[in-house]
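Novice: Sharing a model prediction with you, sequence too.
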Amino acid sequence: MFEELNNLVQSIADYSYETYQHSVKVGMLSARIANFLELSKTQVSLIKHAGLLHDIGKIKIDPIILNKPGRLTSKEFAIIKKHTEYGINILSSYPWAKPFLQLVNLHHERWDGNGYNGIHGRNIPMGAKILALADAFDAMNSRRPYSQIKSREQSINEIERLSGTQFDPCLVEKVIQDSDKILIIDWDGVVKFEIRKFK
Ligand SMILES: [Fe+2]
């Protein structure tokens, strides 16, 4: 499993280095949130690896659209939205990846039901809600061609603002309470992950 998983993560790095770095950070942040919530070791591991693979479908998106500076047109956004479906298609060929499929499919759901598949509230699995929160936090903290980078404090404020619409309010409340320990982008961890992976 780990060799195939590593190869898949490598294929993300080869296609889009930004997506790769984002994936590593989302995997690490999601695992930290899941640990903090005292989920089982199996759940934490599942969520961490789903974080690493959540955007794998982006390797099927035209790089012109994936890396486009500026706002996407509605047609381009519809293409970007297909990355969850592409991700499932890629992972379906690996029997060990079966437990990840649901989380990869649902990582863009919103608490209010306005996400990719329109699933809302408690119907969204906890792992997918954790991925969505980690994904958004890292996106706010990262340089994007179409949006200003936010400070850590601004990102936390933004997450609080979106509590109850985009994010599960109970999850936000718990994570925000201990945000100093949880919402940290661990650059050392990213570097170590890369060194381990690339040697
Ligand atoms: Fe995504």
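Specialist: Received the coordinates, thanks.
Novice: Now whatever helix or strand Ile195 lives in: average pLDDT?
Specialist: With secondary structure defined by DSSP states H and E, Ile195 is part of helix 187-198. Averaging the model's pLDDT scores along helix 187-198 yields 76.
Novice: Against which helices or strands is it packed?
Specialist: Based on contacts counted as 3 or more Cβ pairs under 8 Å, 6 or more residues apart in numbering; DSSP states H and E, the elements that helix 187-198 packs against are helix 2-15, helix 17-36. (Each C-beta comes from the backbone N, C-alpha and C, glycine too.)
Novice: In the chain, mark out all the helices, start to finish.
Specialist: Taking DSSP state H to define them, one finds helices in the chain at 2-15, 17-36, 41-53, 63-66, 74-81, 83-91, 98-105, 126-141, 152-161, 169-177, 179-182, 187-198.
Novice: So for Gly115, which of these sits nearest?
Specialist: Nearest of the helices of the chain to Gly115, taken as Cβ to Cβ: helix 126-141 at 7.9 Å.
Novice: what distance separates the closest one from the middle of the whole chain?
Specialist: With Cα atoms, centre = their mean, to the nearest Å as the basis, the distance from the averaged C-alpha position of helix 126-141 to the chain average is 5 Å.
Novice: The residue most central in space within the chain and His108, how far apart?
Specialist: Compute the mean C-alpha point of the chain, and by Cα atoms, centre = their mean the closest residue is Asp135, 3.8 Å away. As for Asp135, its distance to His108 is 8 Å (criterion: Cβ to Cβ, to the nearest Å).
Novice: Now for Ile61: which residues touch it?
Specialist: Taking Cβ atoms under 8 Å, 6 or more residues apart in numbering as the criterion, Ile61 is in contact with Ile79, Ile80, Lys82, His83, Tyr86.
Novice: need the least confident one among the helices of the chain, by mean pLDDT.
Specialist: Least confidently modelled of these is helix 187-198, at a mean of 76 by mean pLDDT.
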